[in-house]
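Chemist: Kindly generate the corresponding structure for this input.
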Amino acid sequence: MTTINDPTVVAEVTDLYLKYEEALSNNNLEVMDSLFWDAPEVVRFGITENLYGGHEVRNFRQNRPNPKIEREISNLKVVTFGKDTATVTLEFRRIINGVERFGRQSQTWYRFTEGWKVVSAHVSLLPV
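Modeler: Purely as a prediction, here's the structure:
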């Protein structure tokens, strides 16, 4: 039977997500790239883009017009399934062009032999 929310695994993935969030806010491409699966199967649906494969994800980040993402996160939830699969969901608040915007994010993480990686991600803004 699969163990849901083993506290050790939840803490491990939470720490990795917080590392990702810090890298996102500081545009640390090396850390963000290290936490995403570098494979053609990885998918990242962003606010304005659909990215397929590690190459597209990296290219988008390297050419992002506003590379520093300043936001406040809330309702961070990490749910783990066994020792190797997890989901991370959260809500966020950002100021974009002087307008307060609210959004949400979800990620699926998988533990490979080289460590945890995001294998699928989605970011969206709520309507104004």
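Chemist: Every contact and neighbour count from this point should use C-alpha atoms.
Modeler: OK.
Chemist: which parts of stretch 77-88 are buried?
Modeler: 78, 79, 80, 81, 83, 85, 86, 87, 88 (16 or more other C-alpha atoms under 10 Å).
Chemist: pLDDT below threshold where in the chain?
Modeler: Applying pLDDT under 70 to the chain flags no residue at all.
Chemist: rewinding a little: now render the buried residues of stretch 77-88 as JSON lines, adding distance to residue 40.
Modeler: As requested, those are arranged in JSON lines below (distance: C-alpha to C-alpha, whole Å):
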{"residue": "78", "distance to residue 40": "25"}
{"residue": "79", "distance to residue 40": "25"}
{"residue": "80", "distance to residue 40": "24"}
{"residue": "81", "distance to residue 40": "24"}
{"residue": "83", "distance to residue 40": "24"}
{"residue": "85", "distance to residue 40": "19"}
{"residue": "86", "distance to residue 40": "20"}
{"residue": "87", "distance to residue 40": "20"}
{"residue": "88", "distance to residue 40": "21"}
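Chemist: out of the residues you listed, who's nearest residue 71?
Modeler: residue 88 (16.7 Å; C-alpha to C-alpha).
Chemist: all strands in this protein, in order from the N-terminus.
Modeler: Counting by DSSP state E, the segments of the chain that form strands are 43-45, 50-52, 72-81, 85-96, 99-112, 115-125.
Chemist: now the last one against strand 99-112, angle please.
Modeler: When axes from the mean of the first three to the mean of the last three C-alpha atoms, to 10 degrees is applied, the directions of strand 115-125 and strand 99-112 differ by 160 degrees.
Chemist: what angle do strand 115-125 and strand 85-96 make?
Modeler: 40 degrees.
Chemist: hmm, back to that, quick one: the strands of the chain as JSON lines, columns for distance to residue 65 too.
Modeler: What follows is the strands of the chain, written out as JSON lines (distance: least, C-alpha to C-alpha, whole Å):
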{"stretch": "strand 43-45", "distance to residue 65": "17"}
{"stretch": "strand 50-52", "distance to residue 65": "16"}
{"stretch": "strand 72-81", "distance to residue 65": "20"}
{"stretch": "strand 85-96", "distance to residue 65": "13"}
{"stretch": "strand 99-112", "distance to residue 65": "18"}
{"stretch": "strand 115-125", "distance to residue 65": "17"}
